[in-house]
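Q: Predicted model and sequence below, questions to follow.
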Amino acid sequence: QARLEESGGGAAQSGDSLRLACAASAQNFINRSRGWFRQAPGKEREFVAYIQWSDDTAYYGDSVKGRFTVSRDSATNTVYLQMDSLRPEDTGVYYCAASPNLGRSLSRANSYDYWGHGAQVTVSS
């Protein structure tokens with residue numbers, strides 16, 4: 001059964017770094033773009049970043065631009081989200097998702113058809 005699994009979440013202090021990983025269980029995720037979204041308590045799910053399967057083009061949400069980096073390891077079919085200079089407002093559950101699409105539509109949650117269960121990230125000041 002095809003699924004995505006996030007790992008690497010946890011607790012951090014303001015200014016620290018964390019790296020999330022999104023592992024895919026099936027080969028049919030190879031030709032799929034991967035996105036990261038997050039959801040804080042009481043708030044809507046927010047776009048964080050995506051990376052296109054075709055050329056590794058990456059795009060970031062305004063709140064994380066310059067601090068987070070998304071990358072892909074094709075050999076292991078794993079996507080990473082490197083989070084630097086963390087802030088308390090980065091706290092939330094981070095979800096990895098997969099999509100057959102390309103382009104800016106990947107900033108929308110409805111572009112994705114597979115989702116992981118999420119990883120908690122908590123940043124304290």
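A: Perfect, I can see it now.
Q: what helix or strand does residue 121 sit in?
A: According to DSSP states H and E, residue 121 maps onto strand 119-124.
Q: In its sheet, which strands sit next to that strand, and in what direction?
A: strand 10-13 (parallel), strand 92-99 (antiparallel) (DSSP bridges).
Q: Let me know the pLDDT of the residue lying closest to residue 31 once chain neighbours are set aside.
A: In space, residue 31 comes closest to residue 53 once its chain neighbours are excluded; the distance is 5.2 Å by C-beta to C-beta, 6 or more residues apart in numbering. For every residue, glycine as well, the C-beta is placed using N, CA and C. For residue 53, the pLDDT comes out at 90.
Q: now residue 53: how far from residue 32?
A: 5 Å (C-beta to C-beta, to the nearest Å).
Q: what residues are up against residue 104?
A: Taking C-beta atoms under 8 Å, 6 or more residues apart in numbering, we find residue 104 in contact with residue 59.
Q: May I have the residues that are in contact with the spatially most central residue of the chain?
A: The centre of the chain sits closest to residue 36, judged by C-alpha atoms, centre = their mean, with a distance of 2.4 Å. Contact partners of residue 36, counting by C-beta under 8 Å, 6+ apart, are 20, 22, 48-50, 70, 79, 81, 94-97.
Q: For those, which PyMOL command selects only the ones that are buried?
A: With 16 or more other C-beta atoms under 10 Å as the criterion, this PyMOL line picks the buried residues out of these:
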select buried, resi 20+22+48+49+50+70+79+81+94+95+96+97
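Q: Switch the contacts of residue 36 over to CSV; also include pLDDT and distance to residue 57.
A: Formatted as CSV, the contacts of residue 36 follow (pLDDT from 0 to 100; distance: C-beta to C-beta, whole Å):
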residue, pLDDT, distance to residue 57
20, 98, 20
22, 96, 17
48, 98, 16
49, 98, 11
50, 98, 9
70, 98, 10
79, 96, 13
81, 98, 16
94, 98, 21
95, 98, 21
96, 97, 18
97, 97, 17
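Q: No further queries at this time; thank you.
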